[in-house]
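Asker: test case, fold it:
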Amino acid sequence: MNAYLHVLIRYLTAFIEKTGSDYASARNIALKNHGPMNKSLVLVLLLSSLSLFSTAQEKWDLERCIREALDKNLTIAQMDLNKQGYDINGKQLRRERIPSLNVNSDFGFTVGRVINPSTNDFETENSLYQSIGVGTGFVLYNGGRINKSVRQNDFYVSSAEQDLRQAREDVSLSVALSYLNLLFAYENITIAQRRVDLTKEQLSNMDKMIQAGTRPENDRYDILSQLATDESGLITAKNTVDINMLDLKQKMLMEPGYPLEIVRPELSMASLEPLENQPFDTVYATALKNQASIQAAEFRQKASELGVDIARSQRIPSLSLGGNLGTNWSNFAKTPIDYSLERVQQPGVYINGQSALFEYDTYVPTTFEPVSYLDQLDQNIGYGWGASLSIPILNNYAGQASIERAKINVINADIETEQLKQTLKTNVQNALTSALAAKKSLEAAETSSKAAKIALDNADRKLQLGAISSYEYLSARNRSDIADNNLLIKKYDYYFQIKVLEYYMGRGIHIE
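Answerer: Numbering: from 1, shown residues only. So this is what the prediction gives:
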C-alpha cells in the first residue's frame, strides 16, 4: 500500500506541475516503472484525485459568485430568521381564534389539621392530596383585535420578505461590482504585458539598428528606461488583480488561499441598452414598482395604520366563555365496611312543654378501608361553565396612551417611506446623470484612442526612417498607452453605470 501511496503522490505532484496540460501525460508519469498488477489500483486513485483537482480548478462565473455570497452572508441569514419569527407570530395569532384547552394537576403533602373527607371532621395528621382539572376558554368578541392583529402580522411578513429581497439584491450588486473590478484588473494585465512585449521588441530592433550603425547607442537607454517603467506597471497590474481577487473572496466569505478562478467574458458593449437616454420619470416610476425597500416600507406603513385600530380595541368591551372539569384524591378518603348498632340520645325533644328523654337506634361504622385512587377520581368529578364580560372604564390612561403611540408610529412610517422614495429619486437621478456622463466620456476616450494610435503609427514609421529620436517615439507610445488605459476605464465605467440602471429597473444582475 505504501508503494501505491507513493505512486499517488508522484501523480499529484506531476498534476500540479502540469496543471492545464494533458491528463494522460500526468498519468503516464505516475504509472512509469509500475507493473500491470498495480495499475488497476493506481488508476482508481488517479481518477479519485482527478475529481478533487478538477473541482479546485473549476472557474466561477458571476452567477455562482453571487450565489456563494448569498448563501454565506450573515445579514441575509439574520433577515431570514426575522421573517421566520413573523411567520411564527402569524401562526400563534390565527390559533387565538380557536378555544384553548389546558389540563392541570396539583399534588401536595400537608402537615397539621385537615378535613378528613370520610368523616368531615378535622384531624391532625399528615396527608397526601392531588387535584386534576381540565379548563377551556373561548373569546367571543374583543373588538376585532385578533383579526386585525393577524392582518397586521401579514403586512410585517410581507415587509420582511421585501427586506430580505432588497438585501439579496444589494449583495448581488456589490459582488457584481467586485467581479467587474477583477475583470478590469485582468484586462489591464493583458495591456501591461503587451506593453512590455512591445518594448522588448523595440529594444531588439534598436539593438539591430545600433549594430548596423544607423542609430547611436545612447538611444538604447531611453528604451531600457521605458522597459523598466512598463515592467513596473505590469507588477502593479498583477498586484491590483490580487487586491480585487481578495475583495471578491471577502464578499463571498471565502478563505484568502482558496484557488479561485473566474470566468472572464468579453464585455459586449453592443448588447447594452442605452438606458441613459431614458426619461427620468419612466425610470423612477419603474424603480418605485421594483425596488424591494420601497415595497417593504409601504407594507410597514399599512401595518402601523392597523396598529391604531388594534390599540382602540383595548377600549372596547370583550366577552369570553369558559368551562372546567375537575376531580381530586386524598389518602384520607376511606369507606366503612363494618357497622355496630348503638342507641343514641336525641337532645332537644319536648313533650307538652317538658323536656323528655328520646333515644333511637342507629348503625355506626366501626371499620374503614381506603378508597382506591381511580374510584376517588370517579366519585369526586365536578364541572361548571360561565361567561366573562370585561368593560374597560378607567385604566390609568393606558388605553389612550397606546392609541397615541400607535398614531406616532403611523407618522414615523410615513416619514420613513417618503425618505426612501426621496433617496431612490436621488439615486436614480445620479445614476442617469452618471450613465450619460460615462457614455460621453467613453465616446471621447474612443476618439482620443484612435487619434493616439494614428500618431503612434506615424511615429513608428518615422523611427524606422530615423526621422525622430527614440525619446520622441516613446512619448508618442506613452500617449497611446494612456489613451488605451483611459478607454478601458471608461468602458468599464459605462458598463457598470448601465448595470446600475438595470438594477433600479428590476432587470436583475448579470454580465453578458
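Asker: quick one: the strands in the stretch 301-450 of the chain?
Answerer: All strands of the stretch 301-450 of the chain, identified by DSSP state E, counting those that start in this stretch, fall at 318-330, 334-345, 350-351, 354-355, 359-370, 382-390.
Asker: which one of those lies nearest to I66?
Answerer: Nearest to I66 among those is strand 318-330; the distance by CB to CB comes to 51.1 Å. Every residue, glycine included, has its C-beta placed from N, CA and C.
Asker: so which residues make contact with the closest one?
Answerer: Here strand 318-330 makes contact (CB atoms under 8 Å, 6 or more residues apart in numbering) with 117, 127-143, 373, 376-378, 380-390.
Asker: 7 Å instead?
Answerer: The contact list for strand 318-330, computed with CB atoms under 7 Å, 6 or more residues apart in numbering, reads 117, 127, 129-143, 373, 376-377, 380-390.
Asker: out of those residues, which end up buried?
Answerer: P117, S127, Y129, Q130, I132, G133, V139, N142, G143, Q376, N380 (16 or more other CB atoms under 10 Å).
Asker: sort out for me which of those residues are in strands.
Answerer: S127, Y129, Q130, I132, G133, V139 (DSSP state E).
Asker: so which of the strands of the stretch 301-450 of the chain is the most surrounded?
Answerer: Comparing those by mean neighbour count (mean count of other CB atoms under 10 Å), strand 318-330 comes out on top with a mean of 17.
Asker: got the CA positions of that strand in PDB?
Answerer: What follows is strand 318-330, C-alpha atoms only, in PDB (Å, rounded to 0.1, in the frame of the first residue of the first chain):
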ATOM      1  CA  SER A 318     -64.700  41.900  25.500                       C
ATOM      2  CA  LEU A 319     -66.800  38.800  26.000                       C
ATOM      3  CA  SER A 320     -65.500  35.200  26.600                       C
ATOM      4  CA  LEU A 321     -66.800  31.800  27.600                       C
ATOM      5  CA  GLY A 322     -65.100  29.300  29.800                       C
ATOM      6  CA  GLY A 323     -65.600  25.900  31.400                       C
ATOM      7  CA  ASN A 324     -63.900  23.500  33.700                       C
ATOM      8  CA  LEU A 325     -64.000  19.800  34.700                       C
ATOM      9  CA  GLY A 326     -62.200  18.600  37.800                       C
ATOM     10  CA  THR A 327     -61.700  15.900  40.400                       C
ATOM     11  CA  ASN A 328     -59.500  15.100  43.400                       C
ATOM     12  CA  TRP A 329     -57.900  12.400  45.500                       C
ATOM     13  CA  SER A 330     -56.700  12.200  49.200                       C
END
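Asker: which parts of the stretch 151-300 of the chain are strands?
Answerer: In the stretch 151-300 of the chain, the strands defined using DSSP E, counting those that start in this stretch lie at 261-262.
Asker: so the most centrally placed residue in the chain is in which element?
Answerer: Taking CA atoms, centre = their mean, the centroid of the chain lies closest to I76, which sits 1.7 Å from it. Using DSSP states H and E, I76 sits within helix 74-95.
Asker: could you break this structure into its assigned domains?
Answerer: Using automatic domain parsing, the domain parsing of the chain gives 2-57, 148-264+272-313+400-504.
Asker: what's the most buried one of those?
Answerer: Compared across the domains of the chain, domain 148-264+272-313+400-504 shows the largest average neighbour count, a mean of 17 (mean count of other CB under 10 Å).
Asker: tell me how far that domain lies from the chain's centre.
Answerer: Centroid separation for domain 148-264+272-313+400-504 versus its chain: 25 Å, with CA atoms, centre = their mean, to the nearest Å.
Asker: how far does it stretch from start to finish?
Answerer: End-to-end distance of domain 148-264+272-313+400-504 (CA to CA, to the nearest Å): 34 Å.
Asker: please apply the same query to stretch 269-282.
Answerer: Start-to-end span of stretch 269-282 (CA to CA) is 23 Å.
Asker: which residues touch that stretch?
Answerer: Contacts for stretch 269-282 (CB under 7 Å, 6+ apart): V428, Q429, L432, A435, L436, K439, K491, Y495, I498, L501, E502, E512.
Asker: got a list of what the fifth one touches?
Answerer: Looking back up the chat, that one is L436. Listed by CB under 7 Å, 6+ apart, the contact set of L436 reads E276.
Asker: and it, how far is that from A176?
Answerer: Distance of L436 to A176, given as CB to CB, to the nearest Å: 21 Å.
Asker: hmm, back to that, right, and the domains of the chain - which one's nearest L101?
Answerer: domain 148-264+272-313+400-504 (20.8 Å).
Asker: quick check: mean pLDDT across the closest one?
Answerer: Averaged across domain 148-264+272-313+400-504, pLDDT comes to 91.
Asker: mind listing what F109 touches?
Answerer: Residues near F109 by CB under 7 Å, 6+ apart: L128.
Asker: and it, that's in a strand?
Answerer: Yes: judged by DSSP: H, G, I helix; E, B strand; the rest coil, F109 forms part of a strand.
Asker: for the residue sitting furthest away from the middle of the chain, phi and psi?
Answerer: What lies farthest from the middle of the chain is N352; by CA atoms, centre = their mean that is 99.3 Å. When read as degrees, to the nearest 10, the backbone of N352 gives phi 50, psi 40.
Asker: got the confidence number for it?
Answerer: pLDDT at N352 comes out at 79.
Asker: over to S388?
Answerer: Looking at S388, its pLDDT reads 91.
Asker: how much space separates the spatially closest residue to D106 that is not a sequence neighbour from Y373?
Answerer: The spatial neighbour of D106 that comes closest, neighbours along the chain excluded (CB to CB, 6 or more residues apart in numbering), is S131 at 4.8 Å. Going from S131 to Y373 by CB to CB gives 13 Å.
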